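Participant: sequence unavailable; structure follows:
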RNA sequence: CGGGGUGUAGCGCAGUCCGGUUAGCGCAUCUGGUUUGGGACCAGAGGGUCGGGAGUUCGAAUCUCUCCACCCCGACCA
C-alpha cells in the first residue's frame, strides 16, 4: 500500500516513470532534462559498464579520456556532423562570475567573455580526430583502438529518465585504421559486441542492421545499429557503430604514410552505448509489480528475508542465513540479508519485487524445523520450498533459468509483434492496432521514407544484416525492392 | 519550443474559484508497547520558505505578473 505503480495497460509511460522513481533508480534534478542517478540505478549502470569494458578490452581496446569542452571551430570542419548536432549544443561563453553590483547574488562577468566559445561535447569525434592528427604519421601508428567512458550533453527538447536526458553517461569508441576493410571490420565487430551484450547480459533480443541514409549518424558513411522492441510495441535503438570512412580524417587532416610509401587519409569508426540501456532494460522485462532484472545485471541477485516472532528465533535464522549466504557467495552469487526489525515480511516482499531482485529467500521457524527455505523467483512470481542443503546449487541453476526465461519471453514477444505486410493499407492498420516491428518492402529512397514517416510516424529502424533477399514491391510506391526492412514507431 | 495540466511536510493529497484565527488529512519518521509465513496495531511526539521572485492589499497558499520544474499531447531527436 505504500507504493503503487500505474499499470502498463492504463498508461505505459506513467508506468515507466513510476518504476524508475519507485524502484529508486533515478530522480529528476533541479536542472531541466538532467537526472540524478541514485545508488541502485547507478549500480545497474556499473554492472553494464564492467561487462562492456571487459568486452572492449578483450577486443583490443584501451580506455583514454578527452576534454569535456570542444572549441566551436572544430564543429564547422565536418559539414554533416555540425548540421546533425548544432541544434542541441550547450555553449560556454564566459569563464567567470562576479557579485551583482545591483544587489544580491552573482552575475556573469561581461569582461570574462571567451575569445572562442567552447561547446560542451555532444560526442567527441572532433576533439579526438584533432588529437589523432598528432598521433598518426605512419601505418605503424595504426590502428588506434580507443574507448572513452564519459558524459555528454545534448540539449533535447523533450527528455525522459534514462531514455533521453540532456546529460547522459556513455562510452564512445573511436578507432583509426589504415584500410577501409579494416575499419569496416571494426565497425561490424563492435555492433556484434553490442548485440552479444544485449542478448546474453540484458536478456534482450536485438536485430542487427544498418540505418537508412536519413537515420544515419551525422558524419558517417554507414551506421550499424542494434534495435530492440519494447513492451508497448515501440522500437528502441540500443547501440550504434559507425563506419566514418575518411570523413573525419579529411576534416582534421589526418594522413599517414603507408607501407608502400603513399600518403593517404586514415579510416575511422566510432561506436557507443549509453545509460539509455538502463531504460531499455526496464522496458524489456518489468511488469506491473515493478522492475524485473536479469540476474547478470542485478546489483544484488538474492535477498534473504527472515520471518520470526522472538529474538531466539531470529538469532537461529540469522545463523542459518549467514551459512547459506556464504555458500552462495562461494559460487559468485551476490546476496543481501534484510534483518530490519521494523518492517514486516510482506512489506519486504513487495519492496524487493519493486526493485527487481531476481531471487528472494524467506526463512521462518517452520523452515528451521523442516530444514527448508522458501525460494521465490521474480520473473514468474512463483515460490517453492527447497532443502537447505540444496540451496546453493538450486539458486545457481535458478539464476541461469531466469536469465534464459527473460530472454525467451522477450523473443516470443518480439515474434508475436513482428508482422510482414504487403500493402500500405495493411502497414497502417498493423501500426495502429498492435505496433511492433513491421517487415515491409521499400524502394530505397529517402523520399519514400520521409512520406511514410510524415503520414504514420513510423521510421525505418534498420535494414537487417540477415535480411533474406526476396523480390517485392515498395508498400508506398510499388517500385521493385529486393528485401524487406524493419519499420516501427520508436523512442 | 507550442497546446493542456500540475507544484502545499519525505510521499500522496484537501484547502485556492469567493483573500481573513495558530494551514489540515492519510502514509512515512521518532519514542514506548504489542506484533511478524504477503504491504501490522495502539498511544504520544516531531516535521511547512504553501515551487522561487516581484506586485496588489490592513491582511495572500488563495488575486496579478514573472521565472523554474515536472507530467500529457505535439514539434524535435544518432
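Facilitator: Nice, I can see it. These figures come from a predicted structure and were not determined experimentally.
Participant: chain A: helices as residue ranges?
Facilitator: For chain A, the helices defined by DSSP state H cover A:12-22, A:39-58, A:72-75, A:79-85, A:125-135, A:180-200, A:247-251, A:276-285, A:311-329, A:345-355, A:365-370, A:391-416, A:424-433, A:446-456.
Participant: need the ones you listed in TSV with mean neighbour count, can you?
Facilitator: Backbone N, C-alpha and C define where each C-beta goes, glycine included. As requested, these are exported to TSV (neighbours: other Cβ atoms under 10 Å):
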stretch	mean neighbour count
helix A:12-22	19
helix A:39-58	17
helix A:72-75	17
helix A:79-85	17
helix A:125-135	20
helix A:180-200	20
helix A:247-251	22
helix A:276-285	25
helix A:311-329	15
helix A:345-355	18
helix A:365-370	14
helix A:391-416	17
helix A:424-433	16
helix A:446-456	15
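Participant: residue of the stretch 1-150 of chain A nearest RNA strand B, please.
Facilitator: In the stretch 1-150 of chain A, the residue that lies nearest RNA strand B is residue A:32 (2.7 Å; Cβ to the nearest atom of the strand).
Participant: which residues touch that residue?
Facilitator: When contacts are counted by Cβ atoms under 8 Å, 6 or more residues apart in numbering, residue A:32 touches A:159, A:166.
Participant: report pLDDT for it.
Facilitator: On the pLDDT scale, residue A:32 is placed at 80.
Participant: state the distance from the residue found closest to residue A:364 once you drop the neighbours it is linked to in the chain to residue A:290.
Facilitator: Nearest residue to residue A:364 in three dimensions, chain neighbours excluded: residue A:307, at 3.4 Å (Cβ to Cβ, 6 or more residues apart in numbering). In this view, residue A:307 and residue A:290 are 21 Å apart by Cβ to Cβ, to the nearest Å.
Participant: of those two, which one has the most company?
Facilitator: The residue with more neighbours, out of residue A:307 and residue A:290, is residue A:290; 23 against 18, by other Cβ atoms under 10 Å.
Participant: what sits against that one?
Facilitator: Contact analysis of residue A:290 by Cβ under 8 Å, 6+ apart lists A:5, A:19, A:22, A:23, A:353, A:354, A:355, A:356.
Participant: kindly reformat those as CSV containing pLDDT.
Facilitator: Formatted as CSV, these follow (pLDDT from 0 to 100):
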residue, pLDDT
A:5, 82
A:19, 90
A:22, 88
A:23, 91
A:353, 94
A:354, 93
A:355, 94
A:356, 96
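Participant: any chance of the helices of chain A in JSON lines, plus distance to residue A:107?
Facilitator: JSON lines is the format used below for the helices of chain A (distance: least, Cβ to Cβ, whole Å):
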{"stretch": "helix A:12-22", "distance to residue A:107": "35"}
{"stretch": "helix A:39-58", "distance to residue A:107": "35"}
{"stretch": "helix A:72-75", "distance to residue A:107": "23"}
{"stretch": "helix A:79-85", "distance to residue A:107": "29"}
{"stretch": "helix A:125-135", "distance to residue A:107": "30"}
{"stretch": "helix A:180-200", "distance to residue A:107": "46"}
{"stretch": "helix A:247-251", "distance to residue A:107": "38"}
{"stretch": "helix A:276-285", "distance to residue A:107": "36"}
{"stretch": "helix A:311-329", "distance to residue A:107": "56"}
{"stretch": "helix A:345-355", "distance to residue A:107": "44"}
{"stretch": "helix A:365-370", "distance to residue A:107": "66"}
{"stretch": "helix A:391-416", "distance to residue A:107": "53"}
{"stretch": "helix A:424-433", "distance to residue A:107": "51"}
{"stretch": "helix A:446-456", "distance to residue A:107": "44"}
